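Student: this one's structure only:
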């Protein structure tokens, strides 16, 4: 406290000075040097401690009152947000409801070249999937006995019958 | 008193028996509201104030045995202030290295009611409304917007001393409204 007179706890003026010093301390507006001087005296100066307690009560009440005073502005903003959100939801619902009418027909565009394109893509995929030479082709000759039952059943043949086509007897 | 350094105990606090639970409880009941208000007023953050309050009373448990009973409140203010300084230093380091990644309390109503009675808030609100406009502007700029007095002075085009005088007059009126001036 180089320039500031250190207030005592004598008369009203001293108390007012002490309160103002405590106010500045609590508000954090003292210089670092003055703040340290207050801190150094706090434990030994009960009048100063009492002033800090009074100032804390005042400043905290002031902050609290301002928080409450500022809060009423919030509902207007929230209401506006609610309206915007409701409009967005309504627009989305309307779009969903009208989608069958507004949406383009499903499937690829019906252009004359579409089937050719599909075939070309299928061939391309077929070439990449299958090897050019099947290594099993020569090792495993096609055998009628190797045909699975489910395949014979699918074409209406008895598993025990020959693969030769039946001759219808008249 | 090891923490405050304001007096020389006959033995170091570490060699003295710690305060018993009843003594700590008594001190807590007597002074925790003042210390919480102090921390609320200096931080403006109810959660942080509660955290620092617990830290301050933790110090009381550790080293409070050397504190004179008539000095306890001032000692607690001092310890709470030191805890706040430590927190600010850590927060500054954290911010420097990790950016603004510190988890913050969720935005919402601050539980001021726990520390400040509703009628006190109403009294102060009315008193603020009754302040002369030039004083009210300073109060709002400092309390609502957290501006320093130097910034307020620059914005208002006034000498710093004038702004400080307006704040002092305003706080004096608010103090009288709260009945603290008697």
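Tutor: Happy to help now that I have it. Worth saying up front: this structure is predicted, and the values here are computed from it rather than measured.

Student: Need phi/psi at residue B:67.
Tutor: In terms of degrees, to the nearest 10, the main-chain angles of residue B:67 are phi -90, psi 130.

Student: for chain B, what spans make up the helices?
Tutor: Secondary structure of chain B by DSSP state H: the helices cover B:21-43, B:46-63, B:72-98, B:118-129, B:133-139, B:149-156, B:160-177.

Student: For the longest helix seen in chain A, what does the pLDDT average out to?
Tutor: When chain A is parsed with DSSP H, its longest helix is helix A:73-102. Averaging pLDDT along helix A:73-102 yields 77.

Student: residues in contact with residue B:155?
Tutor: B:141, B:147 (Cβ atoms under 8 Å, 6 or more residues apart in numbering or on different chains). Glycine gets a C-beta too; all of them are placed from N, C-alpha and C.

Student: what about residue A:149, distance to residue B:68?
Tutor: Plainly put, residue A:149 is 103 Å away from residue B:68 if you go by Cβ to Cβ, to the nearest Å.

Student: now swap in residue B:23 and tell me
Tutor: In terms of Cβ to Cβ, residue B:23 sits 13 Å off from residue B:68.

Student: Repeat that for residue B:135.
Tutor: According to Cβ to Cβ, residue B:135 and residue B:68 sit 40 Å apart.

Student: Repeat that for residue A:40.
Tutor: In this view, residue A:40 and residue B:68 are 16 Å apart by Cβ to Cβ.

Student: what residue ranges in chain A are flagged as low confidence?
Tutor: A:1-10, A:67-78, A:103-115, A:125-148, A:152, A:155-170 (pLDDT under 70).

Student: The helices of chain B: lowest mean pLDDT?
Tutor: Per-stretch mean pLDDT for the helices of chain B is lowest at helix B:118-129 (a mean of 85).

Student: Any residue of it touching chain A?
Tutor: Yes - using Cβ under 8 Å from any Cβ of the partner chain, we find that helix B:118-129 touches chain A at B:120-125, B:128.

Student: Would you mind pulling the contact partners of that helix?
Tutor: Helix B:118-129 is contacted by residues A:57-58, A:61-62, A:64-66, A:68-69, B:112, B:136, B:139, B:173-174, B:177-178 when judged by Cβ under 8 Å, 6+ apart.

Student: and the two most separated of those residues?
Tutor: Greatest spatial distance among these (Cβ to Cβ): B:112 and B:173, at 21.2 Å.

Student: quick one, which of residue B:135 and residue B:68 is more surrounded?
Tutor: residue B:135 (21 against 14; other Cβ atoms under 10 Å in any protein chain shown).

Student: mind listing what the more buried one touches?
Tutor: B:166-167, B:169-170, B:173.

Student: May I see the PyMOL selection of the buried members of those residues?
Tutor: Only the buried entries of these go into this PyMOL selection, using 16 or more other Cβ atoms under 10 Å in any protein chain shown:
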select buried, chain B and resi 166+167+170+173
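
Student: restrict the contacts of residue B:135 to contacts with chain A.
Tutor: Among these, the residues lying close to chain A (Cβ under 8 Å from any Cβ) are residue B:167.

Student: List just the nearest of the contacts of residue B:135 to chain A.
Tutor: For these, the closest approach to chain A (Cβ to the nearest Cβ) belongs to residue B:167, at 7.8 Å.

Student: With adjacent residues omitted, what lies nearest to that closest one?
Tutor: Excluding the flanking residues, the one nearest residue B:167 by Cβ to Cβ, 6 or more residues apart in numbering or on different chains is residue B:138, at 5.1 Å.

Student: Kindly report the same for residue B:55.
Tutor: residue B:83 (4.6 Å).

Student: Any figure for the gap between the one you found and residue B:60?
Tutor: Applying Cβ to Cβ, the value for residue B:83 to residue B:60 is 11 Å.

Student: what's the answer for residue B:142, then?
Tutor: Distance of residue B:142 to residue B:60, computed by Cβ to Cβ: 32 Å.

Student: try residue A:25
Tutor: 21 Å.

Student: quick one: the strand or helix carrying residue A:61 to helix B:160-177, angle?
Tutor: If you go by DSSP states H and E, residue A:61 is part of helix A:46-70. Interaxial angle of helix A:46-70 relative to helix B:160-177 (axes from the mean of the first three to the mean of the last three Cα atoms, to 10 degrees): 90 degrees.

Student: who does helix A:46-70 touch, helix- and strand-wise?
Tutor: Counting contacts by 3 or more Cβ pairs under 8 Å, 6 or more residues apart in numbering or on different chains; DSSP states H and E, helix A:46-70 is packed against helix A:12-27, helix A:32-42, helix B:21-43, helix B:72-98, helix B:118-129, helix B:160-177.

Student: And that helix, what's buried?
Tutor: Within helix A:46-70, the residues scored as buried using 16+ other Cβ under 10 Å are A:47-69.

Student: ok and that helix relative to helix A:12-27, angle-wise?
Tutor: Orientation of helix A:46-70 against helix A:12-27 (the same axes, to 10 degrees) gives an angle of 60 degrees.
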